[in-house]
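K.L.:
Okay, predicted coordinates and the sequence, questions at the end:
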Amino acid sequence: MSAQGRVACLLLHSSLSVVNRAPCPARDRRAENMDGNVPENYGDLIKLSGVGPKIAHLLRSVAFGQEDAGIVVDTHVHRISRQLGWAQNCATPEKTRVQLEQWVPPLLRVEFTLATVGLGQICQRHGATWGTDLVAAVERKYGVESDRFFAALEIVRKINSAREREGGGNSRQAPSLKLKAKRQGPK
């Protein structure tokens, strides 16, 4: 078995061990029919009990390196995509994935997923200070005059506005962001 196959088996086993605690004769028959190999195509992956779109796309992109794999939409990607207006009227992560894939090029989907998951984790982990922490990190790395700094300010503004509209979370803007936001635009 190749290294990619071993990684796929490990990822699949890890995700299924959480979901499939009870014995399932139908699942066991499907697994036996695959002779211990993890399928590489989407259709066969989602036939496995406990494997949904998120895990299928994760396996295809990370374990098998398939560039045409779909975007992996977890809670973070689902929330951030709605707050930034990238996906609208999406009640489920799968509907968010479909909307995102309409405009995110296939070759950028893995990078997009990783960046959006990371941003969502920062927002959740840092609580009320997430915006200040994000902008400070971008400023340290790229400087206050960079396009990335301006983009970080805009992301913070959009997410805070969405949170205010939704009425959830602490959406107050940090004072240091108000001062820096006076900048007219990227140079």
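P.N.:
Done, it's in.

K.L.:
From now on I want contacts and neighbour counts done on CA atoms only, so please keep to that.
P.N.:
OK.

K.L.:
Quick check: which helices or strands does the longest helix seen in the chain pack against?
P.N.:
In the chain, with assignment by DSSP state H, the single longest helix is helix 147-166. For helix 147-166, the elements it packs on are helix 75-83, helix 130-142, judged by 3 or more CA pairs under 8 Å, 6 or more residues apart in numbering; DSSP states H and E.

K.L.:
and the angle for that helix with helix 130-142?
P.N.:
Between helix 147-166 and helix 130-142, the angle comes out at 170 degrees (axes from the mean of the first three to the mean of the last three CA atoms, to 10 degrees).

K.L.:
Buried residues of helix 147-166, list them for me.
P.N.:
For helix 147-166, a neighbour-count test (16 or more other CA atoms under 10 Å) marks 148-150, 152-153, 155-163 as buried.

K.L.:
Asn89: which of the residues you listed is nearest?
P.N.:
Ala162 (13.3 Å; CA to CA).

K.L.:
residues contacting the closest one?
P.N.:
Gln83, Leu84 (CA atoms under 8 Å, 6 or more residues apart in numbering).

K.L.:
What's the separation between it and Trp86?
P.N.:
Here the distance between Ala162 and Trp86 works out to 12 Å (CA to CA, to the nearest Å).

K.L.:
do Glu101 as well
P.N.:
10 Å.

K.L.:
next one: Pro106
P.N.:
Pro106 is 16 Å from Trp86, by CA to CA.

K.L.:
Give me the more crowded residue out of these two.
P.N.:
A side-by-side neighbour count of Pro106 and Trp86, using other CA atoms under 10 Å, places Pro106 first with 16 against 13.

K.L.:
Helices along this protein, start to end?
P.N.:
Counting by DSSP H, the helices of the chain are 3-19, 25-33, 42-47, 53-58, 75-83, 93-101, 109-125, 130-142, 147-166, 175-180.

K.L.:
can you put these in a markdown table and add distance to Ala69 and mean pLDDT?
P.N.:
Shown next, in a markdown table, are the helices of the chain (distance: least, CA to CA, whole Å; pLDDT from 0 to 100):
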| stretch | distance to Ala69 | mean pLDDT |
| --- | --- | --- |
| helix 3-19 | 14 | 48 |
| helix 25-33 | 22 | 53 |
| helix 42-47 | 8 | 90 |
| helix 53-58 | 6 | 90 |
| helix 75-83 | 16 | 89 |
| helix 93-101 | 10 | 94 |
| helix 109-125 | 8 | 85 |
| helix 130-142 | 29 | 88 |
| helix 147-166 | 26 | 86 |
| helix 175-180 | 37 | 42 |
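
K.L.:
I'd like to know which of those helices is closest to Asp68.
P.N.:
That would be helix 109-125 among the helices of the chain, by CA to CA, at 8.3 Å.
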